[in-house]
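**Q** my questions are about this predicted structure, shown below with the sequence.
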Amino acid sequence: MKTPDILGSVLIIVGFAALAAWLVFIVIAAVQIIRSSEMGYWTKLIWVAALVIFPLLGVIAWYAFGDRTRRIQNTVTAHLR
């Protein structure tokens with residue numbers, strides 16, 4: 001009798017969960033970019049293109065830099081006034 005390969009099954013489930021989480025992050029980032037009122041058309045287009053062309057790096061870049069750009073701009077503008 002053959003025993004089930006539990007490790008292989010667990011790896012497949014974990015892989016699908018990671019893929020699903022990654023897709024959720026891409027969708028959330030795209031929605032945040034598109035709904036942003038502080039960014040211009042071309043900036044939004046570049047960010048969305050980065051998400052499409054470089055999905056993993058685009059998501060990482062958005063959450064590392066893009067999402068904070070608005071807060072940094074608001075802070076700098078507030079200090080300059």
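**A** Thanks, I have the structure now.

**Q** contacts, neighbours, all on C-alpha from now
**A** OK.

**Q** ok, residue 67 - how many residues close by?
**A** Residue 67: 15 surrounding residues under other CA atoms under 10 Å.

**Q** for the helix or strand hosting residue 61, packing partners?
**A** Using DSSP states H and E, residue 61 sits within helix 55-61. In terms of contacts (3 or more CA pairs under 8 Å, 6 or more residues apart in numbering; DSSP states H and E), helix 55-61 is packed against helix 6-35, helix 41-53.

**Q** angle of the first one against helix 41-53?
**A** Spelled out, that is helix 6-35. 170 degrees (axes from the mean of the first three to the mean of the last three CA atoms, to 10 degrees).

**Q** buried set for helix 6-35?
**A** 25-26, 29-30, 33-34 (16 or more other CA atoms under 10 Å).

**Q** and the residue nearest the centre of the chain?
**A** Central residue of the chain (CA atoms, centre = their mean): residue 59, 3.0 Å from the mean position.

**Q** which two from the buried residues of helix 6-35 end up farthest apart in space?
**A** Farthest-apart pair in those is 25 and 34; separation 14.2 Å (CA to CA).

**Q** from residue 40, how far off is residue 66?
**A** 13 Å (CA to CA, to the nearest Å).

**Q** those two: which is more packed in?
**A** Taking neighbours as other CA under 10 Å, residue 66 and residue 40 compare with residue 66 leading, 17 against 10.

**Q** so, low pLDDT: which residues of this protein?
**A** Per-residue confidence for the chain (pLDDT under 70) gives these ranges: 1-4, 68-74, 76.

**Q** again, 50 this time
**A** Counting by pLDDT under 50, the chain contains no low-confidence segment.

**Q** can you redo the helices and strands packed on helix 55-61 as CSV with distance to residue 80?
**A** Formatted as CSV, these follow (distance: least, CA to CA, whole Å):
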stretch, distance to residue 80
helix 6-35, 26
helix 41-53, 23
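
**Q** isn't the residue nearest to the centre of the chain right up against residue 26?
**A** Yes: contact status for residue 59 versus residue 26: in contact at 6.1 Å, counting by CA atoms under 8 Å.

**Q** can you work out which residues contact both of those two?
**A** residue 51 (CA atoms under 8 Å, 6 or more residues apart in numbering).
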